[in-house]
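Chemist: Could you look at this predicted model? Sequence included:
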Amino acid sequence: MSETVVVIYSGGMDSFTLLHLARARGHQVHALSFDYGQRHVRELEYARNVCEEAGIPHKVIDISALGAVMAGSALTADVDVPEGHYEEDSMKATVVPNRNMILLSLATGYAVTAGAGAVWYGAHGGDHAIYPDCRPEFVEKMDAVCRVANYEPVAIEAPFMAMDKSAILAEGLKLNLDYSQTWTCYNGRDRACGRCGSCVERREAFATHGLVDPLPYEDAD
C-alpha cells in the first residue's frame, strides 16, 4: 500500500518538482498551500491550476490574519524586495518570522486528518545561508517533535535539503515537467521581475542546463 504524504505546495519551482516527485515515487499526495499575505500571492493561482489539472487533492489555507505576528518581511510588507543572490546579506529582508514552523505545524495537523505519514516541504541547500527554517538542524528538530505531537507520528521530510536549484531542476527535467506552470518571483506583477533573489537563482538554474526559463520576464523584450 502506498504511503500518503502531505506536500506543502507554494506553486513555485521547488515545491512543484517535489509534488511530482512524490507522485512519481508512488505516494498518494495531498497538496497544501497557504495564503499568509505574501505579495506574490499569484503563486497560489499556479498551484490551484496544477492540482486541478493533475487531479491532486488541494487545500489553500488562509492564515493572512497572522500577519501581525509575522510582520516586517519584504514578502509581506510594503518594503522593496531586495535584488541579487541569496548569499547576500540584503536577502535577510525576505525572511518571514517563524513561517515554516507555523506552516509545518498546520500541515502536520492536516496529515493526521488525512491519514498521511509524512509532510514534505521544499527547503534546499541554496536556502541555508538566509533562512534558518530551511537548515538541516531545523528539519531534524521539527521532525522529532511532529513524531510525538499526536497519537499518530508524522515525519517532516525535506528531500531537497542537500541539493541546489540546478539539481532540483535536473530532477524535474527527468520527469519532463513543464515549468511554465510555476511562479517563483517575489514580486506579484504580470511578469517575473528577473532581479529578485528567487528569479536570479531560477534563471541561473536553467542556464546551467543550457535552457531558457519558459516564464515571461520583464527584461525579455
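Modeler: Nice, thanks for sending it over.

Chemist: Compute the number of surrounding residues for D35.
Modeler: Residues near D35, counting by other C-beta atoms under 10 Å, number 13. (Glycine included, C-beta is placed from N, CA and C.)

Chemist: so what's it scoring on pLDDT?
Modeler: D35 carries a pLDDT score of 89 in this model.

Chemist: Which strands and helices lie in contact with the longest helix seen in the chain?
Modeler: Criterion DSSP state H: the longest helix present in the chain is helix 99-114. Contacts defined by 3 or more C-beta pairs under 8 Å, 6 or more residues apart in numbering; DSSP states H and E place helix 99-114 against strand 4-8, strand 28-35, strand 118-120, helix 136-148.

Chemist: let's see it at 6 Å
Modeler: For helix 99-114, the helices and strands in contact under the criterion 3 or more C-beta pairs under 6 Å, 6 or more residues apart in numbering; DSSP states H and E are strand 4-8, strand 28-35, strand 118-120.

Chemist: Name the strands paired with the second one and say parallel or antiparallel.
Modeler: Partners of strand 28-35 in the sheet, by DSSP bridges, are strand 4-8 (parallel), strand 58-62 (parallel).

Chemist: Go through it and flag the buried ones.
Modeler: The neighbour-count check on strand 28-35 (16 or more other C-beta atoms under 10 Å) flags Q28, V29, H30, A31, L32, S33, F34 as buried.

Chemist: Tell me the one of these nearest W120?
Modeler: Minimum distance to W120 across these is 8.7 Å, recorded for V29 (C-beta to C-beta).

Chemist: any idea how far the closest one lies from V50?
Modeler: 11 Å (C-beta to C-beta, to the nearest Å).

Chemist: and A116, helix, strand or coil?
Modeler: coil (DSSP: H, G, I helix; E, B strand; the rest coil).

Chemist: so can I have JSON lines of the helices and strands packed on helix 99-114 showing distance to S180?
Modeler: Converted to JSON lines, the helices and strands packed on helix 99-114 look like this (distance: least, C-beta to C-beta, whole Å):
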{"stretch": "strand 4-8", "distance to S180": "20"}
{"stretch": "strand 28-35", "distance to S180": "19"}
{"stretch": "strand 118-120", "distance to S180": "23"}
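
Chemist: Let me know which of those strands is the nearest to L211.
Modeler: So among the helices and strands packed on helix 99-114, strand 4-8 is nearest, using C-beta to C-beta, at 24.6 Å.

Chemist: Could you check how sure the model is about that closest one, as an average pLDDT?
Modeler: Here strand 4-8 scores 98 as its mean pLDDT.

Chemist: Only the C-alpha atoms, please, for that strand, written as PDB.
Modeler: Only the C-alpha atoms of strand 4-8 are listed here, as PDB (Å, rounded to 0.1, in the frame of the first residue of the first chain):
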ATOM      1  CA  THR A   4       0.100   9.200   1.900                       C
ATOM      2  CA  VAL A   5       2.100  12.400   2.200                       C
ATOM      3  CA  VAL A   6       1.200  16.000   2.500                       C
ATOM      4  CA  VAL A   7       3.300  18.300   0.300                       C
ATOM      5  CA  ILE A   8       3.500  21.900   1.200                       C
END
